[in-house]
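A.B. asks: Next input, structure requested:
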Amino acid sequence: MTLNARILQAARDRGVMLTCAESCTGGLVAAALTELPGSSDIFDRGFVTYTNAAKIDLLGVCAQTLQTHGAVSEDVAREMAQGALARSQAQFAVSITGIAGPGGSEHKPEGRVCFALAGPEPLHSETIDFGAPGRDAVRTGARDHALGLILRALTGTDTP
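C.D. replies: Numbers count the residues shown, from 1 in each chain. This is a model prediction of the structure:
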């Protein structure tokens, strides 16, 4: 069974809806979650907030958080997930913000992606450094990692 099929089944079993807030993945998580027939049972909406202005306007990310920590930070990822949850009918929200490449800096290198998951459990955030395998690989890796976070939250297991 594919990862997204397992998510679909787990969310149906729990009777919950999902939402996502994406930056560097540009909608890949939403696309994966809606790929299967019946996904309308478990997917409420997705937010693609590529710019800081979009993060502020659509998700309520605090301008001060962006200024202090930058868009690629767990602080912003947490505010994105909380904002998506508050602006949807979902019970779980995953967010992604990162640098897919090419480019980056000494402090925020290419391949650094921050994630957050909001829901009934305490807010969770983490940062993964995918390295610099190329833009497509970072975006795909970030999508798959976010899907794994959702599945683990739904099933309570550590294995995606």
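
A.B. asks: wait, residue 36 sits on residue 5?
C.D. replies: Yes: using C-beta atoms under 8 Å, residue 36 is in contact with residue 5, at 6.0 Å. Any C-beta I mention is one placed from the backbone N, CA and C, and that applies to glycine too.

A.B. asks: ok, these two, which is more surrounded?
C.D. replies: Per other C-beta atoms under 10 Å, whichever of residue 36 and residue 5 has more neighbours is residue 36, with 16 against 13.

A.B. asks: ok, the more buried one - contacts?
C.D. replies: Going by C-beta atoms under 8 Å, 6 or more residues apart in numbering, residue 36 touches 4, 5, 8.

A.B. asks: Look up how far residue 2 lies from it.
C.D. replies: Here residue 36 is placed at a distance of 8 Å from residue 2 (C-beta to C-beta, to the nearest Å).

A.B. asks: Likewise for residue 101?
C.D. replies: 27 Å.

A.B. asks: Would you indicate which residues of the longest helix anywhere in the chain are buried?
C.D. replies: Ranked by number of residues, the top helix in the chain under DSSP state H is helix 135-155. Within helix 135-155, the residues scored as buried using 16 or more other C-beta atoms under 10 Å are 135, 138-143, 145-155.

A.B. asks: Then stretch 38-49?
C.D. replies: 39, 42, 43, 44, 46, 47, 48, 49.

A.B. asks: Next: stretch 109-125.
C.D. replies: Quick answer for stretch 109-125 (16+ other C-beta under 10 Å): 109-119, 124-125.

A.B. asks: distance between the ends of it?
C.D. replies: 18 Å (C-alpha to C-alpha, to the nearest Å).

A.B. asks: and it, average pLDDT?
C.D. replies: Stretch 109-125 comes out with an average pLDDT of 96.
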